[in-house]
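**Q** Model the following, please.
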Amino acid sequence: MDIIEEDEYLFTFHVLVFMDRVVKMERFVKSIFADFGRQQKGGGLRMFRTSEKHEELRAKVRAFAEEEVKPIAFMLDQNNEFPHEAIKKFGEMGFMGLPFPEKYGGAGLDVMNYAIAVEELARVDGGTGVILSAHVSLGCYPIYTYGTEEQKQKYLVPLAQGKKLGAFALTEPEAGSDAGGTQTTAVLQGDHYLLNGGKIFITNAPFADVYIVFAVTTPDIGTKGISAFIVEKGWDGFEFGDHYDKMGIRSSSTAELIFNDVKVPKENLLGREGDGFKIAMSTLDGGRIGIAAQALGIAQGAYEHALDYAKERVQFGKPIAFQQVISFKLADMYTKLRTSRFLVYSAADLKDSDLPYGLESAMAKQYVSDMGLEVVNEALQIFGGSGYLKGMEVERAYRDMKITTIYEGTNEIQKMVVASHIIGKMPKEYAVAKKRGPVTGTRKKLIFKDGSAKERVEQLVGSLKNDGYDFTVGIPADTPIYDAERVVSAGKGIGPVENMKLIEDLAYQAGAAIGSSRPVAENLKYVPLNRYVGMSGQKFKGNLYIACGISGAGQHLKGIKDAATIVAINKNANAPIFKNCDYGIVGDVNEILPILIKALDNGEAKKPAPPMKRVKRAQPFKLAPTESIYVCNGCGYEYDPAIGDEEGGVAPGTKYDKLPEEWICPVCGEEKQKFTLVGFVESRQ
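**A** Predicted coordinates for the structure are as follows:
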């Protein structure tokens, strides 16, 4: 190849990829030309120059995946089962700490080796690939980068040695792509923090031993008030909720975390207070390399299966691989895999070289997962009807691939990251921030937790009767949820199935139909599936909803948001349901329900309920005509007197000029004096 041809290739690379890395790319592309004549095993030119050591590791991991994971992949998927023995053996081989120094229990290799390992595991089973990715990128990396020496010795060493498994806990019902919605709190009390709240969609839970947990330590200042903690499984108050039944990556365990007054030692603070958001974002930058590698591996495996099938399947007198339409599909798939591998490996190379890689990891994660969907779709298409059958490897790859476009930042978020590198961040004067309210909208939130159980029940019943509820009438217990005026629902907190008798008795005395949370119907099977209430089940739009032993997962709350009145009974005072209810009793349902049943019993049979009339919901405080509207100069937050700032101690109905002088913006922390009068609003009805 002469100099002119080489310059043309260099120019093409410069135009297409990473314009802000021209010098590095120049060196990188020249290395490709120097290696241009070398062949990969099985034919084909190298797209990226990996070393012989990289390829040696690939061979080892591929052999492990083929021998230890592939034979059980089908059953892992069918049973939603975690590959305990395979992961244990993988750790014993020294592969669970690939990119970490040997002094911390790692293998002392580079990020490229780690990406290759994830790719090769995912090539056989996408779920097993993400177990390694979540452990290394999310569970170990924050400790390695931000931990003290003591934290590294105590936690990173056994994690990197594969003796323990790590996980990362950021996502909450109101904090997904936007971490600023974090509601889990950590309050310093002497020599420990008191952790309360919950996390959802946590990879490797409940089998992980060490969790990087993000919580608010300074309220009302947005992301600047978030801190990171190292939390161990088994601590008092740390429990696990549902193990999600997912569409794909079913060998990867994903569960809910529940924190109820968990004591976290001060020395388990990762970094400093307020560093949490920074730690989370930098961790996710690296984690996206792992997800891109996972997507690449899933796509590679699907492509290989499709290629083999196309060579074997004969139609019209020849293998379908030689039909032009199929050969073109294979050519496109192969090209997409090549370009994807370049993006993944170049992002890993930048991280290995201690150069900025956030832009490249975002591009890799977004492009490779989108490309992967296209490749597995074409792979299944090549298989035709056979590929659509449960148990086919391309069918499993099809399901496994989708999640790679969603977790560790949706692909829409990745495009925002890429765009921010190109055009910069939006100027503050254009930013608008609104404080989040409860999922179920404005609620009274009157929680009865003082006094005896009988006294708390009397307060609840009195409040409901004052609201106009007549408990001398009732509806059949099997009334469809969407037609029911009242529903009494059971959550997992109800305990064993015998306790459903309490739910039945309460439903009768409350004149209500019977409902449940999803786990009670789907997993415990206490009630038929058509009785569970939630965003993914039946929607309740009636008057009175009584949630018994239900913690308040986001999908459940969205299913009851139109209820006129929500009552919560739960022993966990920090359960999300209490932030989304009108009335609540903190207490054990097995103690409270018998008393409530007796309190609602008038000694007579229930009369048929008249046609449902809508009970008026709690409404925000009405504004006087022409209220002043003030907006924060720092972030655009609009102070609304109707809502106030309850977390900041400001009651609904408080006018701006009556705010305490020490009050600050609940979003960015700006002082009251930094707000600007922007106009007036008419009376709200």
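**Q** A568 and A117, how far apart?
**A** For A568, the distance to A117 equals 46 Å [Cβ to Cβ, to the nearest Å]. Quick note: C-beta positions are derived from backbone N, CA and C, even for glycine.
**Q** Those two: which has the busier surroundings?
**A** Between A568 and A117, counted using other Cβ atoms under 10 Å, the more crowded position is A117 (31 against 28).
**Q** That one reaches P99, doesn't it?
**A** No - counting by Cβ atoms under 8 Å, A117 stays clear of P99, with 9.6 Å between them.
**Q** so what's in contact with these two at the same time?
**A** Counting by Cβ atoms under 8 Å, 6 or more residues apart in numbering, A117 and P99 have no contacts in common.
**Q** Touching, S137 and S282? I think so.
**A** No - with contact defined as Cβ under 8 Å, S137 does not reach S282; the gap is 11.0 Å.
**Q** Who has more neighbours out of these two?
**A** Relative neighbour count places S137 above the other of S137 and S282, with 29 against 16, counting by other Cβ under 10 Å.
**Q** Chain neighbours aside, what residue packs nearest to the more buried one?
**A** In space, and not counting its chain neighbours, S137 is closest to G287: 3.9 Å by Cβ to Cβ, 6 or more residues apart in numbering.
**Q** Name all residues that make contact with that neighbour.
**A** 133-134, 137-138, 141, 168, 408.
**Q** what helix or strand is I546 on?
**A** Element membership for I546 (DSSP states H and E) is strand 544-548.
**Q** Show me what that strand is in contact with.
**A** So strand 544-548 is contacted by 464, 469, 485-491, 493-494, 502-503, 506, 510, 512, 533, 560, 563-570, 577, 581, 589, 593, 615 (Cβ under 8 Å, 6+ apart).
**Q** What about those, which are in helices?
**A** Assigned to helices by DSSP state H, the following of the contacts of strand 544-548 qualify: 464, 502-503, 506, 510, 589, 593.
**Q** got the phi/psi numbers for the nearest residue to E119 once chain neighbours are set aside?
**A** Leaving out its chain neighbours, the residue that sits closest to E119 by Cβ to Cβ, 6+ apart is G297, at 4.0 Å. G297 adopts backbone torsions of phi -60, psi -40, taken as degrees, to the nearest 10.
**Q** Look at G297 and say how many residues are nearby.
**A** G297, neighbours per other Cβ under 10 Å, totals 30.
**Q** What of the one 4 residues further on?
**A** The local packing of G301 (other Cβ under 10 Å) involves 28 other residues.
**Q** repeat for G166
**A** Counted with other Cβ under 10 Å, G166 comes out at 27.
**Q** Following element in sequence after the helix or strand of the chain with the lowest mean pLDDT, please.
**A** Lowest mean confidence among the helices and strands of the chain (mean pLDDT, DSSP states H and E): helix 22-34, at a mean of 39. Using DSSP H and E, the helix or strand that follows helix 22-34 in sequence is helix 52-64.
**Q** helix or strand right after that following helix?
**A** helix 70-79.
**Q** Using PDB, list the CA coordinates for that next one.
**A** What follows is helix 70-79 as a C-alpha-only set of coordinates in PDB (Å, rounded to 0.1, in the frame of the first residue of the first chain):
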ATOM      1  CA  LYS A  70     -23.000 -22.900  27.200                       C
ATOM      2  CA  PRO A  71     -24.300 -26.400  28.400                       C
ATOM      3  CA  ILE A  72     -26.400 -24.800  31.100                       C
ATOM      4  CA  ALA A  73     -27.400 -21.500  29.400                       C
ATOM      5  CA  PHE A  74     -30.800 -22.800  28.300                       C
ATOM      6  CA  MET A  75     -31.800 -23.900  31.800                       C
ATOM      7  CA  LEU A  76     -30.500 -20.700  33.300                       C
ATOM      8  CA  ASP A  77     -32.800 -18.800  31.000                       C
ATOM      9  CA  GLN A  78     -35.800 -21.000  31.500                       C
ATOM     10  CA  ASN A  79     -35.500 -21.000  35.300                       C
END
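**Q** in the stretch 351-500 of the chain, which spans are helices?
**A** 358-383, 393-402, 411-423, 453-466, 500-510 (DSSP state H, counting those that start in this stretch).
**Q** Can you verify N260 is assigned to a strand?
**A** Yes - the assignment for N260 by DSSP: H, G, I helix; E, B strand; the rest coil puts it in a strand.
**Q** okay, it: pLDDT?
**A** We note a pLDDT of 93 for N260 in this prediction.
**Q** Now do it: how many residues are near it, please.
**A** Neighbour count of N260, defined by other Cβ under 10 Å: 19.
**Q** Go ahead and confirm it touches N196.
**A** Yes - applying Cβ under 8 Å, one finds N260 in contact with N196, separated by 6.4 Å.
**Q** what do these two both touch?
**A** Common neighbours of N260 and N196 (Cβ under 8 Å, 6+ apart) are N574.
**Q** how close does Y345 get to V461?
**A** 66 Å.
**Q** So which of the two has more stuff around it?
**A** Y345 (25 against 17).
**Q** does that one belong to a helix or a strand, and which?
**A** Secondary structure (DSSP H and E) places Y345 in helix 324-352.
**Q** Buried residues in that helix, which are they?
**A** Neighbour-count burial for helix 324-352 flags 326, 329-330, 333, 336-337, 340-352 (criterion: 16 or more other Cβ atoms under 10 Å).
**Q** Then stretch 472-479?
**A** Neighbour counts over stretch 472-479 (16+ other Cβ under 10 Å) mark 474-475, 477, 479 as buried.
**Q** what's the first-to-last distance across it?
**A** 18 Å (Cα to Cα, to the nearest Å).
**Q** pLDDT averaged over it - what is it?
**A** Confidence for stretch 472-479, expressed as mean pLDDT, is 96.
**Q** contacts for it?
**A** Here stretch 472-479 makes contact (Cβ under 8 Å, 6+ apart) with 484-486, 504, 507-508, 510-514, 602, 604, 606-610.
**Q** Now find how far off-centre it is within its chain.
**A** Centroid separation between stretch 472-479 and its chain, computed with Cα atoms, centre = their mean, to the nearest Å, is 38 Å.
**Q** Compute the inter-axis angle for the strand holding I546 and helix 453-466.
**A** 160 degrees (axes from the mean of the first three to the mean of the last three Cα atoms, to 10 degrees).
**Q** Take strand 544-548, keep the C-alpha atoms, and write them as PDB.
**A** Extracted as PDB, the C-alpha positions of strand 544-548 are listed here (Å, rounded to 0.1, in the frame of the first residue of the first chain):
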ATOM      1  CA  LEU A 544     -61.000   3.900  48.700                       C
ATOM      2  CA  TYR A 545     -57.800   1.800  48.400                       C
ATOM      3  CA  ILE A 546     -56.400   0.100  51.500                       C
ATOM      4  CA  ALA A 547     -52.900  -1.200  51.000                       C
ATOM      5  CA  CYS A 548     -52.000  -3.900  53.600                       C
END
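**Q** who does it pair up with?
**A** Strand pairing for strand 544-548, using DSSP bridges, gives strand 486-490 (parallel), strand 565-570 (parallel).
**Q** which of the residues in stretch 313-327 are buried?
**A** Neighbour count says stretch 313-327 has 313, 320-321, 326 buried, by 16+ other Cβ under 10 Å.
**Q** Mind checking which of those land in helices?
**A** Using DSSP H, the members of the buried residues of stretch 313-327 that fall in helices are I326.
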